[in-house]
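A.B. asks: what shape does this take:
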Amino acid sequence: MNKHKYNEISLPGVRSSTVGGGGSRSPLQEAHLANRSPAAMRTTYCVIFFSLLAAAASRVQTVDGRLKVQIGGTAGCPHVARYIRESVAPVYGKYGRFLDIEFVSWGKTRRVEGRLECQFGARDCWANRLHRCALDFLKSNQTATVSYLNCEFTEPRPGYTGSYHCALQAGLRLVDVDNCMATSKGDALELPAEAAAAEPIATFNSIPYTVINGAVDRAVTVQSSRRLESVICFALADDPSTGVVACKI
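C.D. replies: Take a look at the predicted model:
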């Protein structure tokens, strides 16, 4: 930031000094600068952040007391791994009884001359396919789904290193997972993932993204990436049937 920025601001009834002029400040200018103290700036940022969070939360409403939360990502992305570990898994642990979690393991994958080209290379593609297969087997068990994702996105990220460790830990049979990976069953899971990711990636062009109740909303995704627990909590608190009453920013 230009240290002389405030010299460029024209205040009512005050003659502006030249940039870098070093002239004495009027009482009104001194007061203006005092208002830009670190404490004042922090207060301003908090007010702005709360306003943005409130605006995003107001767009999210429960349906029959529940929220459908779709998260898009890819196996090789460290930002996705952090989001799953530090936001999604803890939020599910707290509010899981109200949530339907879906993870779309596709990210910015593209089709190039009939083959998949993934953001983080061949290992990313292999692990994404593994995720799709495992999540398809686990789709009727939300708790197992989130536990599996937490395993896959905890270092050393087993699937990304070529291991079936998390699938086995989730109680899946190796023969079933291997069959999905090697046959048309795994191929059939590509199109739904590609379709689910198309609009969010076209809109946000970044991962991870979060779509709640099917609404591709930039404000909701931005605030969810920063404070997923707050977005979820405020939406649940707005529905008396959930019994959720205390939320934090």
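A.B. asks: quick check: pLDDT value at the spatially most central residue of the chain.
C.D. replies: A centroid search over the chain (C-alpha atoms, centre = their mean) returns residue 225, at 3.6 Å, as the residue closest to the centre. You'll see residue 225 listed with a pLDDT of 90.
A.B. asks: identify the residues contacting it.
C.D. replies: 83, 208, 209, 210 (C-beta atoms under 8 Å, 6 or more residues apart in numbering). The way it works is simple: take the backbone N, C-alpha and C, and place the C-beta from them, glycine included.
A.B. asks: cool, and residue 180?
C.D. replies: Contacts for residue 180 (C-beta under 8 Å, 6+ apart) come out as 133, 136, 137, 186, 189.
A.B. asks: ok, residue 109 next?
C.D. replies: Residue 109 touches 74, 116, 117, 118, 119, 125, 128, 194, 197, counting by C-beta under 8 Å, 6+ apart.
A.B. asks: out of these, which end up buried?
C.D. replies: Buried members of the contacts of residue 109, counted by 16 or more other C-beta atoms under 10 Å: 74, 116, 118, 119, 125, 128, 194, 197.
A.B. asks: excluding its backbone neighbours, what's nearest the fifth one?
C.D. replies: Distances taken as C-beta to C-beta, 6 or more residues apart in numbering place residue 118 nearest to residue 125, at 4.1 Å, with adjacent residues excluded.
A.B. asks: quick one, what contacts that neighbour?
C.D. replies: Per C-beta under 8 Å, 6+ apart, neighbours of residue 118: 74, 76, 107, 108, 109, 124, 125, 128.
A.B. asks: so which of those residues sit within helices?
C.D. replies: Mapping those onto helices (DSSP state H) picks out 124, 125, 128.
A.B. asks: follow-up on the earlier one: between the contacts of residue 109, which is closest to residue 179?
C.D. replies: Closest approach to residue 179 among those (C-beta to C-beta): residue 128, at 17.5 Å.
A.B. asks: okay, now residue 134: neighbour count?
C.D. replies: 28 (other C-beta atoms under 10 Å).
A.B. asks: how about it, nearest residue that isn't a chain neighbour?
C.D. replies: Closest to residue 134 by C-beta to C-beta, 6+ apart is residue 167, at 4.7 Å.
A.B. asks: how many neighbours does the one you found have?
C.D. replies: Residue 167 has 28 nearby residues by other C-beta under 10 Å.
A.B. asks: go on, residue 75?
C.D. replies: 27.
A.B. asks: quick check, it in contact with residue 120.
C.D. replies: Yes: Residue 75 lies in contact with residue 120 (C-beta atoms under 8 Å); the separation is 7.3 Å.
A.B. asks: what about this structure, any weak spots by pLDDT?
C.D. replies: In the predicted model, the chain carries pLDDT under 70 at residues 1-58.
A.B. asks: make it 90
C.D. replies: 1-60, 114, 246, 248-249 (pLDDT under 90).
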